[in-house]
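*Asks:* Provided below for reference: sequence and predicted model.
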Amino acid sequence: MLLAGAIGKPHGLGGEVYLMKLSDDPHRFDPGSVLMHEDGRELVIEESRVHGADRFLVRFEGVGTREGAVGLRGSVYVTEESRRELEDGEYWVEDLKDLEVVLASGESVGTVSDVISGSAQDLLEIETPGGTKLVPVVPEIVTQVDTDARRVVIDPPAGLLD
């Protein structure tokens, strides 16, 4: 199961809830989409609309009151089978976590601990012996991602890892 979002507090009296998206698939929360609640319940989206940069207002089938919506708080997931097909050069964040990061010379730098969505580009969060480093995910710096070999090759400019 893949984390898709987090259901927050109810909105209004008709069963809607705030849902913070943790998925980059713009259609993940379309009406008819199925999410799995952290408690195992299957939730089918009846209505949804964008509400800010990272949130939706969502109503689930069978939930028509504020009282019913209160019990929905928590994480929601999707199955791996429901993920969209990736384009060349695209990767799922969870597939990048824990990959070894090496320089083009082969010298180990550290391990990918997270990927942070930035306004200009994503950033690899790398745990190094010297602390956490952020590396822009651009072709000039991240030169190779090999999920099979569990390795990311970077060619950082001078000072980026200092």
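*Replies:* Structure's in. What do you need?

*Asks:* helix or strand for the residue lying farthest from the centre of the chain, just tell me which one.
*Replies:* In the chain, the residue that sits farthest from the middle, by C-alpha atoms, centre = their mean, is residue 105; the gap is 30.6 Å. Under DSSP states H and E, no helix or strand contains residue 105.

*Asks:* if you rank every helix and strand of this protein by mean pLDDT, what lands last?
*Replies:* In the chain, no helix or strand scores lower on mean pLDDT, DSSP states H and E than helix 93-96, which sits at a mean of 84.

*Asks:* and residue 3, backbone torsions?
*Replies:* Backbone geometry at residue 3, expressed as degrees, to the nearest 10, gives phi -70, psi 130.

*Asks:* my read: it touches residue 22, true?
*Replies:* Yes. Judged on C-beta atoms under 8 Å, residue 3 makes contact with residue 22 at a distance of 5.5 Å. C-beta: built from backbone N, CA, C; applies to glycine.

*Asks:* still on that earlier bit, ok, now how distant is the residue farthest from the centre of the chain from residue 143?
*Replies:* 12 Å (C-beta to C-beta, to the nearest Å).
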